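Asker: Generate a structure from the sequence data that follows.
(chains A and B)
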Amino acid sequence: GEDVEQSLFLSVREGDSSVINCTYTDSSSTYLYWYKQEPGAGLQLLTYIFSNMDMKQDQRLTVLLNKKDKHLSLRIADTQTGDSAIYFCAEADAGGTSYGKLTFGQGTILTVHP
Amino acid sequence: GAVVSQHPSRVICKSGTSVKIECRSLDFQATTMFWYRQFPKQSLMLMATSNEGSKATYEQGVEKDKFLINHASLTLSTLTVTSAHPEDSSFYICSAIAGETQYFGPGTRLLVL
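Answerer: Prediction:
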């Protein structure tokens, strides 16, 4: 089945850039997502990228996709203490009876130090 | 963006009772909603796919008689945890698809005593 892997922890200083990495195994993935979860809350969609794109930029967020290596990354520029949270990458199945099903990584806990 | 709500946000119940959790798409219609479960410090595990007007599709290992799902309208899906036990204590999150994006509810924290 599909598998999505992330590093578990990342610690950065306020103002630095954060890079969260993710690898996946399903070559038929259509969309790849980044979600943010703050303590005790649901998931907030940050951004997503279609599988035929290499890069997507949205304000402080940059997503890079290397489809050959099945590697996805999320770069947060000028990281702030409010960015401290758990970040999940997820890949969406191609369709058919599995349409819309997401497979999540384990989540990366981002800690931002003042 | 699309908004998904859940009710209640947290619930405490006695072992053996049933608990119903509602998931609503507030500003869009959703023919498909998903129910996830999240244990502390772990990722989300898909429990089932809720389809409006038809039976839910459960993931392997999820007991359909224990986790009853009803998707009676295009804006509401309910998850009922029947005869809850302490091991059912968890964070339950629903989601709904709008366009090509999946939006998540804020989650329901269930504690079974």
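Asker: for chain B, what are the nearby residues on chain A?
Answerer: Residues of chain A lying close to chain B by Cβ under 8 Å from any Cβ of the partner chain are A:31, A:33, A:35, A:40-45, A:48, A:50, A:88, A:92, A:97, A:99-107. Using the backbone N, CA and C atoms, a C-beta is placed for each residue, glycine as well.
Asker: Going by neighbour count, which of those are buried?
Answerer: A:31, A:33, A:35, A:41-43, A:45, A:48, A:88, A:92, A:100-107 (16 or more other Cβ atoms under 10 Å in any protein chain shown).
Asker: Tell me the spacing between B:Met33 and B:Met47.
Answerer: Distance of B:Met33 to B:Met47, given as Cβ to Cβ, to the nearest Å: 11 Å.
Asker: Sorry, wrong one. I was asking about B:Ser73.
Answerer: 20 Å.
Asker: Likewise for A:Ile20?
Answerer: A:Ile20 is 26 Å from B:Met47, by Cβ to Cβ.
Asker: Next: B:Leu79.
Answerer: Separation of B:Leu79 from B:Met47 (Cβ to Cβ) stands at 8 Å.
Asker: Show me the common contact partners of these two, please.
Answerer: With contacts defined as Cβ atoms under 8 Å, 6 or more residues apart in numbering or on different chains, the residues adjacent to both B:Leu79 and B:Met47 are B:Trp35, B:Phe67.
Asker: can you tell me if stretch B:86-94 touches chain A.
Answerer: Yes - against chain A, stretch B:86-94 shows contacts by Cβ under 8 Å from any Cβ at B:Ile93.
Asker: List the buried residues in that stretch.
Answerer: B:Asp88, B:Ser89, B:Ser90, B:Phe91, B:Tyr92, B:Ile93, B:Cys94.
Asker: For chain A, state which of those is nearest.
Answerer: Of all the buried residues of stretch B:86-94, the one sitting nearest chain A is B:Ile93; the distance, using Cβ to the nearest Cβ, is 5.5 Å.
Asker: elements contacting the lowest-mean-pLDDT helix or strand in chain B?
Answerer: The weakest-scoring helix or strand in chain B, judged by mean pLDDT, DSSP states H and E, is strand B:101-104 (a mean of 86). Identification of packing neighbours for strand B:101-104 by 3 or more Cβ pairs under 8 Å, 6 or more residues apart in numbering or on different chains; DSSP states H and E yields strand A:31-37, strand A:43-50, strand B:90-98.
Asker: Dump these to TSV, plus distance to B:Gln38.
Answerer: Converted to TSV, those look like this (distance: least, Cβ to Cβ, whole Å):
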stretch	distance to B:Gln38
strand A:31-37	9
strand A:43-50	9
strand B:90-98	4
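Asker: Now mean pLDDT too, for these, in TSV please.
Answerer: Below are the helices and strands packed on strand B:101-104 laid out as TSV (pLDDT from 0 to 100):
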stretch	mean pLDDT
strand A:31-37	92
strand A:43-50	91
strand B:90-98	92
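Asker: Out of the ones you listed, flag the one nearest A:Gln80.
Answerer: Closest approach to A:Gln80 among these (Cβ to Cβ): strand A:31-37, 12.6 Å.
Asker: what angle separates that closest one from strand B:90-98?
Answerer: 140 degrees (axes from the mean of the first three to the mean of the last three Cα atoms, to 10 degrees).
Asker: Which strands and helices lie in contact with strand A:31-37?
Answerer: Secondary-structure packing of strand A:31-37 (3+ Cβ pairs under 8 Å, 6+ apart): strand A:18-24, strand A:43-50, strand A:61-66, strand A:85-92, strand B:101-104.
Asker: Fine, thanks again, bye for now.
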